[in-house]
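Trainee: Next come a sequence and a model predicted from it.
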Amino acid sequence: MTLRCPTRRRAFRAAGLAAAGALLSCRPAPRPDELSIVLVTLDTTRADRIGAFGGTAVPTPNLDRLAREGTIARDASSQVPLTLPSHATIMTGRYPASHGVRHNGIYRLRADEETLAEHLKAAGFETAAFVGSYVLNRGFGIEQGFDRYDDVPVDRFAGGRDQVFEAQRTADEVNAQVFRYLDARPAHRLFLWVHYYDPHEPYQPPERPGRTLAGAGYDREISYVDACVGDLVGKLRERGILDRALVIVAGDHGESLGEHGEKTHGLLLYQGALHVPLILRAPGLVPAGGSFGGPAELADIAPTVVDYLGLPPLPRAQGTSLRPRVEGRDDGKAAVAHAETMMPRLEFGWSDLAMLRSTRFKFIRAPRSELYDLASDPTEGHDLAAQEVERASEMSGQLAAWASASEDAAAGAASTRKLDPDEEARLRSLGYLGGDAFKSGAGSAAPAIDPKDGIAEIRALDEARGKLDSGDAAGALAALEPILRANPRNHQARVTKILALIRLPDLARAEDEAMAALAAAQAGDPAATVVVDKARGLLASVYRLEGKTREAEAEYRRMLAVDRDNEPVAVDLARLLVETQRLPEAAAILGGVLAKDARNGMALAARFQLASARGDDALRLEVARQLADARAGDPPSLLEAGRLLMDAHEPARAASCFSVVIEMSERPDPELLGKLGFARMAAGDLDGAAEAFRASSALRPGDPRAVYFLGVLAQKRGDLAGARREFERALTIDPGFAKAGEALDRLGGQPAPARP
């Protein structure tokens, strides 16, 4: 080990000065070949909600302590306000237009992109990742280079609707997997990435006894994540990793929270969605209590890591190591930051946006471009573009040069989709091609609508979605018509219209609208063609509902021809093959999916259906166990698996199946709660059984069965007086309920008098 005593210190922040001073004493620094790397990414986390960055809404003691023990970048920016492309930038050190991942779900990081995990694995690191959201699950390419990639179990049918892009787990659930991993591994060089998704909407952090959270809504989510960061830091300290690692904590993007009319993130490029916390901590290497100014980028993280490790740089990284700025050798005044968002263009048919910021000024390229002086106007309330024409023009030129230099044509081409001749003919017959309905306008590839002018359209779409959620499908359709008349390229509005037509049901019109979605995704804008697969998936779903299995199969096969790793589509095709009795091909497809992820709930449910179609009872039981252990699948499969497991005298697994179905259900089911209680009781979980029976009784107070079983549970505990009370209560509910009377007789009690 070597000693490092930095001679130049950044100015201490006033808060925590004494603690920071104590930590600044020279301490042994790990050699680069001893250093581990811990990367913690905080989804949807604004810098101004963290105390170390000036936040006062809620206390964030754990993040603030990491900041005091390390150095913060005061002006770090996300390169795109969306989870997958932002993490692709973190892992490659490259801009979205270069690595090609420019939106969630419809892009994948290509195999020829070298990630930080691959770079460190080649250098001898053990690599492990634990993520909290489906949008980072394996299959999107972000998993490249990780020895272990622990992602989110996908239950596609939670709450009775498709949840594939909404699947997530709490920071506590992520931590549980991280802690099991750390406890089981020997202490050697590690690259550990932990991703917490929780500040993301909806703002509903889990509450638990013994943990006090502060604030409400989004701020309470921040309080929750801070607590979970504290738990992680404690485990790293316990395992001897913390002080022998470079720890980097970064937000992937922020949250607008209504500023400039945007509720969440992805559409606009204002500071609420782009300014993120960035903390570096490594005793003896990174000065404690330090901070540095000037723009920093998430693209700088990977180059910074390899710099501290003394490794060769990532060959195609575009970010810059922050180490000279951390150590005070660079004041950052010449630095700039960039950002983009393709979401307005891809999802709503508007213009995309790009941003360039210097230490003081920020320029946003849009149909009506904007310029802000962040020093005097940090909330971006006063657009200077009309006053500072020369500055705006200069920054526009710099941004255009950056965009040209960072654009990778191969990355864009890899995502481009084309309609085949049959599809084009069908769309023309419906009147969706050959005219101007979906064209961008003025012959330009980029739509002319400025996203800041589309906020009213978003509000109208939200109102339509609200009507649909409340069961008013006809009202939703009426609200959607003016949106699509004005902007037929609004993909989200068209998807909502398809769902409303399905709900009516009017499947013939839903099919036509799905074809229109396909046309809108294709026509006029090459960048928007990556939405084609989403539109094609909708069309396939409508075909399935109509019973048009051949047409649905053709769509699934088209999607898999473009992307053979699209696991949800592969499983949907396998389900269709089971339904049409083509079992060998279905088995082969499911085997391939489950070989990659043995806990894929969709694939397990399809395999359970396959076993039933074959009449293979041994395989049905095997898959029932897998469904129970994975705690995933669709409700019909899980219910049948639970019944099968009860018959096989495996009540604990049966209880797991029943409890997952209850978690999926929009409304509690007293009958299912009773099944759960009985399974838990058979498994010896008396407290859990009592909880289920009480819930069942509360929902169905006129049914004596749950009360009777509460008596049985009391009897099992040796509480004979309590058992007698419950049996008597059951007879009060139904004097003819024989089991309760027999139980009282065995206890030597007198049955309650019959009701008149």
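Mentor: On my side now, so go ahead. Here the structure is a predicted model, which means the values were calculated and not measured. Numbers count the residues shown, from 1 in each chain.
Trainee: ok, so what distance separates residue 469 from residue 503?
Mentor: Distance, residue 469 to residue 503, using Cβ to Cβ, to the nearest Å: 10 Å. Using the backbone N, CA and C atoms, a C-beta is placed for each residue, glycine as well.
Trainee: Tell me which of these two has more neighbours.
Mentor: The neighbour comparison of residue 469 against residue 503 (other Cβ atoms under 10 Å) goes to residue 503, with 16 against 9.
Trainee: Next one: the more buried one from residue 474, what distance?
Mentor: Residue 503 is 9 Å from residue 474, by Cβ to Cβ.
Trainee: Just want the most central residue of the protein.
Mentor: residue 133 (2.8 Å; Cα atoms, centre = their mean).
Trainee: just the helices in the stretch 151-300 of the chain please.
Mentor: Assigned by DSSP state H, counting those that start in this stretch, the stretch 151-300 of the chain shows helices spanning 171-184, 217-238, 271-274.
Trainee: Deepest-packed of these, please.
Mentor: Mean neighbours per residue, mean count of other Cβ atoms under 10 Å, is largest over these for helix 271-274, with a mean of 26.
Trainee: Distance from the chain centre to that helix, please.
Mentor: 19 Å (Cα atoms, centre = their mean, to the nearest Å).
Trainee: which outside residues touch that helix?
Mentor: Helix 271-274 has contacts (Cβ atoms under 8 Å, 6 or more residues apart in numbering) with 46, 77-78, 81, 253-257, 259-260, 262, 265-266, 339, 355, 362, 374, 378-380.
Trainee: go again using 7 Å as the cut-off
Mentor: 46, 77-78, 81, 253-257, 259, 265, 339, 378, 380 (Cβ atoms under 7 Å, 6 or more residues apart in numbering).
Trainee: Just give me the neighbour total for the spatially closest residue to residue 72 that is not a sequence neighbour.
Mentor: Counting by Cβ to Cβ, 6 or more residues apart in numbering, the nearest residue to residue 72 once its immediate chain neighbours are dropped is residue 291, at 4.7 Å. As a burial measure, residue 291 scores 21 neighbours (other Cβ under 10 Å).
Trainee: And the pLDDT at residue 291?
Mentor: The model reports residue 291 with a pLDDT of 97.
Trainee: returning to what we had before: mind listing what the residue nearest to the centre of the chain touches?
Mentor: Contacts of residue 133 by Cβ under 7 Å, 6+ apart are 43, 83, 152, 168, 197.
Trainee: ok, so of those residues, who is nearest residue 280?
Mentor: Residue 280 has its nearest neighbour among the contacts of residue 133 in residue 43, at 19.3 Å by Cβ to Cβ.
Trainee: what about the nearest residue to the closest one once chain neighbours are set aside, distance to residue 221?
Mentor: Once flanking residues are discounted, residue 43 sits nearest to residue 197: 4.5 Å by Cβ to Cβ, 6+ apart. For residue 197, the distance to residue 221 equals 10 Å [Cβ to Cβ].
Trainee: likewise residue 564?
Mentor: If you go by Cβ to Cβ, the gap between residue 564 and residue 221 works out to 37 Å.
Trainee: okay but residue 257 is in contact with residue 219, surely?
Mentor: No: with contact defined as Cβ atoms under 7 Å, residue 257 and residue 219 do not form a contacting pair (9.6 Å).
Trainee: that older thread, okay if I get the contacts of residue 133 as JSON lines plus pLDDT?
Mentor: Listed next are the contacts of residue 133 as JSON lines, based on pLDDT from 0 to 100:
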{"residue": "43", "pLDDT": "97"}
{"residue": "83", "pLDDT": "95"}
{"residue": "152", "pLDDT": "83"}
{"residue": "168", "pLDDT": "78"}
{"residue": "197", "pLDDT": "94"}
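Trainee: Just the ones in strands from the contacts of helix 271-274, please.
Mentor: Those of the contacts of helix 271-274 mapping onto strands are 77, 339, per DSSP state E.
Trainee: between the contacts of helix 271-274, which is nearest residue 303?
Mentor: Distances from residue 303 to those, taken by Cβ to Cβ, are shortest for residue 77, at 15.5 Å.
Trainee: give me the beta-bridge partners of that closest one?
Mentor: Note on residue 77: beta-bridge partners by DSSP bridges are residue 275, residue 297.
Trainee: Sweet, I'm off.
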